[in-house]
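[1] show me the folded form of this:
(one chain, ligands or ions: 2)
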Amino acid sequence: MALIPLLPLFHNFNREYFNGTLTSASKPLVAVRWSDGKLRKTAGFYRRGPKLNGCYKSEIVLSKPLLEFLPREAIESTLCHEMIHAWIDLVLRLQEGHGPNFHRRMIAINSAQDQFQITVRHKFPVPISSPKWWAICPACGLRSSYQRMVKGAACRKCCNLHHGGKWHASCLLQYESAKESI
Ligand SMILES: [Zn+2]
Ligand SMILES: [Zn+2]
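    Residues are numbered from 1 along each chain as shown. Ligands and ions are numbered 1, 2, ... in the order given. Below you'll find the model as predicted:
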C-alpha cells in the first residue's frame, strides 16, 4: 500500500509556514505518522504523552482509512492543521485548542498559498449506517454510503487494483442522493 510519506511534507511546511521552529538540528520536535486501519473518527490529531515511540513526547497521527483515498490537498490540510496544534503546544507553549493563535496561523497559511485550505474542523467523510449519499465508482460500479458529499474522494478498490494504491482521478466517486434512490 503506497501512502504519501508525511515527513517530507512536514519539513516543507515547517520551513514555509513555521519558520523552521518545529525542528531542532533538522530533527522534528514531534513524531509524525499514519494511523493503522482503525482510526475512523477523525482525520487526524495531535497529542502529547509521556511515552510515545522512543524519544518523542508528542505525535501527529493522520487517519489512513479516512485520508488515503482523498486527494493530496486533504492530507496536506490535515497535516498542517495538526502542525499548528504542535506549534502552539511546543513552540508557543500555550494550551489553546482552536483559539486566537490557531486562527491567526491558519489564516496566514491559507492566504499564503492556494494549494490547500486549512479548516477548524476536518471535513472528511465518516461512513455511517443511514446514509444521505451514495458514492458510486464509475469504473467498478461499487456503491458506498456517506453522510456528506466529499469532493475528490476516489474508489479505494480501483485505486488499489489499477493505480498501485494511490489516489487517481479516473476513480473519482460520483454522488447520488440516497433518499431518491431508495
Ligand atoms: Zn484541531
Ligand atoms: Zn471502483
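[2] close to ligand 2: what parts of this protein are there?
    Residues of the chain lying near ligand 2 by Cβ under 5 Å from the ion: 137, 139-140, 142, 155, 157-158. C-beta: built from backbone N, CA, C; applies to glycine.
[3] emit the PyMOL select command for whichever of these are buried.
    Buried residues among the residues of the chain next to ligand 2 (16 or more other Cβ atoms under 10 Å), as a PyMOL selection:
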select buried, resi 137+139+155+158
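[4] output the residues of the chain next to ligand 2 as JSON lines; include the columns distance to Leu6 and pLDDT.
    Formatted as JSON lines, these follow (distance: Cβ to Cβ, whole Å; pLDDT from 0 to 100):
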{"residue": "Cys137", "distance to Leu6": "27", "pLDDT": "87"}
{"residue": "Ala139", "distance to Leu6": "28", "pLDDT": "83"}
{"residue": "Cys140", "distance to Leu6": "29", "pLDDT": "84"}
{"residue": "Leu142", "distance to Leu6": "28", "pLDDT": "81"}
{"residue": "Cys155", "distance to Leu6": "23", "pLDDT": "89"}
{"residue": "Lys157", "distance to Leu6": "24", "pLDDT": "85"}
{"residue": "Cys158", "distance to Leu6": "24", "pLDDT": "89"}
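[5] out of the residues of the chain next to ligand 2, name the ones that lie in helices.
    With helices taken from DSSP state H, the overlap with the residues of the chain next to ligand 2 comprises 157-158.
[6] quick check: Asp114 vs Glu76, distance?
    According to Cβ to Cβ, to the nearest Å, Asp114 and Glu76 sit 12 Å apart.
[7] just Ala153 next, same as before
    On the measure of Cβ to Cβ, Ala153 and Glu76 end up 16 Å apart.
[8] these two: who's more crowded?
    Ala153 (22 against 19; other Cβ atoms under 10 Å).
[9] pretty sure the more buried one is touching Glu68, no?
    No: using Cβ atoms under 8 Å, Ala153 is not in contact with Glu68; the gap is 10.5 Å.
[10] and Glu59, helix, strand or coil?
    Look at Glu59: counting by DSSP: H, G, I helix; E, B strand; the rest coil, its state is strand.
[11] swap in Tyr46?
    strand.
[12] bridged to it, which residues?
    Note on Tyr46: beta-bridge partners by DSSP bridges are Ile60.
[13] can you pull the contacts of it?
    30, 58-60, 82, 85-86, 89 (Cβ atoms under 8 Å, 6 or more residues apart in numbering).
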